[in-house]
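Participant: Next input, structure requested:
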Amino acid sequence: MAIRINIDVMLAKRKMSVTELSEKVGITMANISILKNGKAKAIRMDTLDKICRSLGCQPGDILEYVEEEGEENGDGRDHDR
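Facilitator: Residues are numbered from 1 along each chain as shown. Sure, this is the predicted structure:
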């Protein structure tokens, strides 16, 4: 399982800098960068809420599930057969 974080896409669409988002959300630029680069293990719901408010978007605009190569459907069964 891989969750892709598309904060950089939303920042570009909103013409907003990482610095500006960091100030609006109230977290460090380093933590925004960790999220942006997909290195975060988790995100607090209140942080996600603040990011969405600041960017004027929905969680699904910045979080995307991407199935990794060779990954099954999660229950060990191949549902395409």
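Participant: Next secondary structure element downstream of the helix-or-strand element of the chain with minimal mean pLDDT?
Facilitator: Sorting the helices and strands of the chain by mean pLDDT, DSSP states H and E puts strand 2-5 at the bottom, at a mean of 90. Moving toward the C-terminus from strand 2-5, the next helix or strand (DSSP states H and E) is helix 7-14.
Participant: As CSV, could you dump the C-alpha coordinates of the least confident helix or strand of the chain?
Facilitator: Provided in CSV are the C-alpha atoms of strand 2-5 (Å, rounded to 0.1, in the frame of the first residue of the first chain):
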residue,chain,number,x,y,z
ALA,A,2,1.2,3.5,-0.8
ILE,A,3,-0.4,6.8,-0.1
ARG,A,4,0.8,9.6,-2.3
ILE,A,5,0.7,13.1,-0.8
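Participant: And for the closest residue to Arg14 other than its chain neighbours, the neighbour number?
Facilitator: Distances taken as C-beta to C-beta, 6 or more residues apart in numbering put Leu55 closest to Arg14, at 5.6 Å, once the chain neighbours are dropped. Placement of C-beta: from N, CA and C, glycine included. Other residues near Leu55 number 19, with proximity taken as other C-beta atoms under 10 Å.
Participant: how far away is Leu55 from Ala2?
Facilitator: Separation of Leu55 from Ala2 (C-beta to C-beta, to the nearest Å): 22 Å.
Participant: in this protein, which helix has the most residues?
Facilitator: The helix that spans the most residues within the chain, counting by DSSP state H, is helix 45-55.
Participant: List the buried residues of whichever helix or strand comes after it.
Facilitator: Downstream of helix 45-55, the next assigned helix or strand under DSSP H and E is helix 59-62. Neighbour-count burial for helix 59-62 flags 61-62 (criterion: 16 or more other C-beta atoms under 10 Å).
Participant: Following the chain past helix 59-62, name the next helix or strand.
Facilitator: Past helix 59-62, the next helix or strand by DSSP H and E is strand 63-66.
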